[in-house]
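S.K.: predicted model and sequence follow; I will ask about them next.
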Amino acid sequence: MDLDIVALSRLQFATTALYHFLFVPLTLGLSIILAIMETVYVMTGRSIWRDMTKFWGVLFGINFAMGVATGIVMEFQFGMNWSYYSHYVGDVFGAPLAIEGLMAFFLEATFVGLFFFGWDRMSKVGHLITTWAVALGSNFSALWILIANGWMQNPVGAAFNPQTMRMEVTDFAAVLTNPVAQAKFVHTVSAGYVTAAIFVLGVSAWYVLKGRHLELARRSMTVAASFGLAAALSVVVLGDESGYMTTEHQKMKLAAIEAMWETEPPPAAFTVFGFPDQASRETHFAVHVPWAMGLIGTRSLDTVIPGIDELEKRAEERVRSGLLGYEALQRIRDAGSTANIPPDAKATFEEHGGDMGYALLLKRYVDDPRDATDAQIKQAAWDTVPPVAPLFWSFRIMVGLGIFFILLTGTFFVLSAMRRLDRWRWLLWVAVWSIPLPFLAAECGWIVAELGRQPWVIEGVLPTAVAVSNHGAGSVLLTLLLFIAIYTVLIVVEWKLLFKAIRKGPELQPDTLAEARARGHATLATARN
């Protein structure tokens, strides 16, 4: 990929998004775990659960602050690096983004402050409500972001206005209830819950290995294992739903994920392993599971999943159809007023305008798509195929890790029920070394979602190549390097703060220590009797 203005702008946004998404899942999951722990404290009155909530709350606060710091930059990038995109879809995209900002900076941030500073100023129930408000605010903040992102994957509830040359909202309810957005939301937040569960499980396992804070560690492991197992199982179910939505709305993405070059008779096989070769359009050393892809992707035995070659031919047809819509749009624009629009131009645009985005793919090669050659049209159709190998492997890494998380949390769930969490030290070390893996899975999932949409910034409507701002490549490269440097520093700072807080451990209050001593005496008396 040549490092032109488009490639550099894509790389800059991808880099900042991947950095930012290192913080988001942990924030989403820890907020719910905090609410669960404090709920147990309010219901039982046992102070150990209050101290657990405070301890994990410190780690949540560190991660939350870094997430806010890295997320602000991304919103500014829409206007700075993607100005034509902002102009073209601002009427649609701006509303959920603005609501997310209001929820994040007014609702969520307000309750975060009350969570940290309200322990001695609020009643138990009042503070519990605050903690649940933090959890719900964090998750609903993610909802609005994913509504906006889901619309980019499946642009519903909007139409192109030839007079303003912009996409405009026609049905805001359709934007909010976009099935792709809803599937992405539940899948993403569930992945965040798994991330937090593995984090709590791993840190607690480290305490058990060191023989420190055992009361807190064992209870935290029980919560993390139970919550994590439920979340890991839901990720599989919700991921299947997200995949089904991809079959419905993003057929090329699905074909690329499966490296399915040719259309197979239904039900299609699932490729477990292989080495996709995009240049030769084949997958070397492929290992297939018969029928599996047809059942997963279509939930039927007789529905065809089109391959890349067939979808490329469909794309070429849509490019040629889009050229007719583009020509009709120029005639409508030249007419000046609505009364002067030629009836045949209006009719042609209504018939072919929906494919105009495909004609815009030609702007990579010619200033006026109508001047494109037949070879350039075929090249534009081939451009609709995203990078196959990165999608193929990212998806399989994500799925493989998801299965591992089910096994890990399920094992600790059983051990917690048996009160044998410290039975095998090697298993505790597995939990410790598993802490980075959910972050890797989340990054792979984001790569599948976003790289799989290319070459579109809005699926089928606006190509990425025409959405960028007219900056110099040198300016974008400089800011890219600055962002990488700054974000790397922020991640190092977060790690140091987290490690420092973990090494220090929780600050147990006197009443917690008294409860622990009382339980110890009671246990000893029971043993003597």
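M.R.: Received the coordinates, thanks. Numbering: from 1, shown residues only.
S.K.: give me the pLDDT for residue 202.
M.R.: Here the pLDDT value assigned to residue 202 is 96.
S.K.: please disregard the earlier target; I meant residue 129.
M.R.: 94.
S.K.: measure it to residue 35 for me?
M.R.: Per Cβ to Cβ, to the nearest Å, residue 129 is found 10 Å from residue 35. All C-beta atoms are positioned from the backbone trio N, CA, C, and that covers glycine.
S.K.: swap in residue 327?
M.R.: Residue 327 is 57 Å from residue 35, by Cβ to Cβ.
S.K.: neighbour count: residue 129 and residue 35, which is higher?
M.R.: residue 35 (20 against 17; other Cβ atoms under 10 Å).
S.K.: and that one, what helix or strand is that in?
M.R.: helix 24-44 (DSSP states H and E).
S.K.: now the helix or strand that comes right after that helix: buried residues?
M.R.: Sequence-wise, the next helix or strand downstream of helix 24-44 (DSSP H and E) is helix 47-80. Across helix 47-80, burial judged by 16 or more other Cβ atoms under 10 Å covers 47-71, 73, 77-78, 80.
S.K.: which strands or helices does the helix or strand where residue 344 lies pack on?
M.R.: In this structure, residue 344 sits in helix 343-352 according to DSSP H and E. Contacts defined by 3 or more Cβ pairs under 8 Å, 6 or more residues apart in numbering; DSSP states H and E place helix 343-352 against helix 308-335.
S.K.: how far off centre is the helix it packs on?
M.R.: Offset of helix 308-335 from its chain centre (Cα atoms, centre = their mean, to the nearest Å): 32 Å.
S.K.: list the contacts of the closest residue to residue 433 other than its chain neighbours.
M.R.: Spatial nearest neighbour of residue 433, excluding adjacent residues (Cβ to Cβ, 6 or more residues apart in numbering): residue 202 at 7.6 Å. By Cβ atoms under 8 Å, 6 or more residues apart in numbering, the contact set of residue 202 is 431-435.
S.K.: neighbours of residue 346, how many?
M.R.: 17.
S.K.: for the closest residue to residue 353 other than its chain neighbours, list the residues it contacts.
M.R.: Distance criterion Cβ to Cβ, 6+ apart; nearest residue to residue 353, sequence neighbours excluded, is residue 325 at 4.2 Å. If you count contacts by Cβ under 8 Å, 6+ apart, residue 325 has them with 348-349, 351-356, 359.
S.K.: which residues in the protein form strands?
M.R.: 158-161, 166-169, 270-277, 282-289, 456-458, 462-463 (DSSP state E).
S.K.: need these in TSV (columns: mean pLDDT, distance to residue 374 and mean neighbour count).
M.R.: Below are the strands of the chain laid out as TSV (pLDDT from 0 to 100; distance: least, Cβ to Cβ, whole Å; neighbours: other Cβ atoms under 10 Å):
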stretch	mean pLDDT	distance to residue 374	mean neighbour count
strand 158-161	90	27	17
strand 166-169	90	30	17
strand 270-277	91	26	16
strand 282-289	90	26	13
strand 456-458	93	23	24
strand 462-463	94	19	23
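S.K.: out of the ones you listed, which comes closest to residue 122?
M.R.: Among those, strand 166-169 comes nearest to residue 122, with 40.8 Å by Cβ to Cβ.
S.K.: in its sheet, which strands sit next to that closest one, and in what direction?
M.R.: strand 158-161 (antiparallel) (DSSP bridges).
S.K.: so what pLDDT did the nearest residue to residue 19 once chain neighbours are set aside get?
M.R.: The shortest distance from residue 19 to any non-neighbouring residue, by Cβ to Cβ, 6+ apart, is to residue 487 (4.2 Å). The score at residue 487 is 90. That number is its pLDDT.
S.K.: and residue 487, how far is that from residue 452?
M.R.: Residue 487 is 24 Å from residue 452, by Cβ to Cβ.
S.K.: of the two, which one has the most company?
M.R.: The neighbour comparison of residue 487 against residue 452 (other Cβ under 10 Å) goes to residue 452, with 24 against 20.
S.K.: tell me the phi and psi of that one?
M.R.: Dihedral angles of residue 452 (phi, psi; degrees, to the nearest 10) stand at phi -70, psi -20.
S.K.: I'd say it and residue 257 touch.
M.R.: Yes - if you go by Cβ atoms under 8 Å, residue 452 and residue 257 touch, sitting 6.5 Å apart.
S.K.: what do these two both touch?
M.R.: With Cβ under 8 Å, 6+ apart as the test, residue 452 and residue 257 both reach 246, 391.
S.K.: for residue 227, which non-adjacent residue is closest in space?
M.R.: Nearest one to residue 227, counting by Cβ to Cβ, 6+ apart, is residue 197 at 5.2 Å.
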